[in-house]
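**Q** Can you look at this prediction? I've put the sequence above it.
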Protein chains: 2
Amino acid sequence: MSSLPVLEPVVDTTCCPPAAPALGAAEAQSTAAVFKALADPNRLRLLSIVKAAESGESCVCDLTQPLDLGQPTVSHHLKILVDAGLLHREKRGTWAYYSLVPGALERIGELLESL
Amino acid sequence: MSSLPVLEPVVDTTCCPPAAPALGAAEAQSTAAVFKALADPNRLRLLSIVKAAESGESCVCDLTQPLDLGQPTVSHHLKILVDAGLLHREKRGTWAYYSLVPGALERIGELLESL
DNA sequence: CCACTATATTGATGAATGTCAATGTTGCGG
DNA sequence: CCGCAACATTGACATTCATCAATATAGTGG
């Protein structure tokens, strides 16, 4: 390594200053994953129903009918919401009960402010 | 209309009470549209860069390089953000300047609370 | 009027996604 | 042990989406 390449700084401020580095690529990907979970109307309705339940939890059988979707599809959406950290799953007997993860929705608001 | 059909109430409370109607289908769709716009890492970075700009606005030429994307792709993402009501577009001369719509991010937090 | 620059639009392509039918798994009652 | 009910998983299919190359549009300067 005898000759270092002469890299010119390339300082063409043609338009505006480059500004701060802002959001990193990896950070953006994990944040986008949360919004991907919210980017479906049926998943939003699932969250809404679970949130509105008196006991704070709902089983799959209560979620299938109001959404007019097949049971496998509802289970699929619920899994996405659980993986995103928005819902909690607890199996009691034959039933699976889903409930909102406390503070999960509030944390999304903070994600937006930290952009 | 002489004979009203005798529809049985079908009251099988096998699991839990049906709970409140919660979020409507149409409402869920428009809300999901906003989150769809946020469900991409490159669009989140665009929002972040625009937000971090000193002047409060950025032109496309400043957004292409840090994202390592082609110019048509960046324009495409910006259009999606504008259509979602998150960015404002103003063309001055040859350049197009994008800026955050005031209060747009805050309004998303309210969307989550109204689930 | 003619290049040149910045941005938008179009068309194509591969990847991701939502949905369902069919099947697998688990827990309960007889 | 057997059958049933609730839920999850798999595979297939159609749709949507992110990206790029090529082209179109609009504004600027000569």
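**A** Arrived safely. For clarity, every value in this text was computed on a predicted model and none was experimentally measured.
**Q** Please count neighbours and contacts with C-alpha atoms only from this point.
**A** Will do.
**Q** can you map out the strands along chain A?
**A** A:57-59, A:87-92, A:95-100 (DSSP state E).
**Q** Looking at the residue most central in space within chain A now. What's its pLDDT?
**A** By CA atoms, centre = their mean, chain A has its centre lying nearest to A:V34, at 1.4 Å. At A:V34, the model reports a pLDDT of 98.
**Q** Surely it touches A:A84?
**A** Yes - under the criterion of CA atoms under 8 Å, A:V34 makes contact with A:A84 at 5.7 Å.
**Q** before we move on, the earlier item: want to try TSV for the strands of chain A, with distance to B:P102 as columns?
**A** TSV is the format used below for the strands of chain A (distance: least, CA to CA, whole Å):
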stretch	distance to B:P102
strand A:57-59	36
strand A:87-92	31
strand A:95-100	30
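**Q** where are the low-confidence patches of chain A?
**A** Applying pLDDT under 70 to chain A picks out residues A:1-21.
**Q** how about the residues of it near DNA strand C?
**A** By CA under 7 Å from any atom of the strand, the residues of chain A that approach DNA strand C are A:14, A:36-37, A:39-40, A:42, A:68-70, A:72-73, A:76-77, A:92-94.
**Q** in chain A, which spans are helices?
**A** A:25-38, A:41-52, A:60-67, A:71-83, A:104-113 (DSSP state H).
**Q** of all those helices, which gets the most neighbours per residue?
**A** Of all these, helix A:41-52 has the most neighbours on average by mean count of other CA atoms under 10 Å in any protein chain shown, namely a mean of 23.
**Q** Briefly note if that helix comes near DNA strand D.
**A** No - Helix A:41-52 is not in contact with DNA strand D by CA under 7 Å from any atom of the strand; minimum separation 11.6 Å.
**Q** Run through the neighbouring helices and strands of that helix.
**A** strand A:57-59, helix A:60-67, helix A:71-83, strand A:95-100, helix B:25-38 (3 or more CA pairs under 8 Å, 6 or more residues apart in numbering or on different chains; DSSP states H and E).
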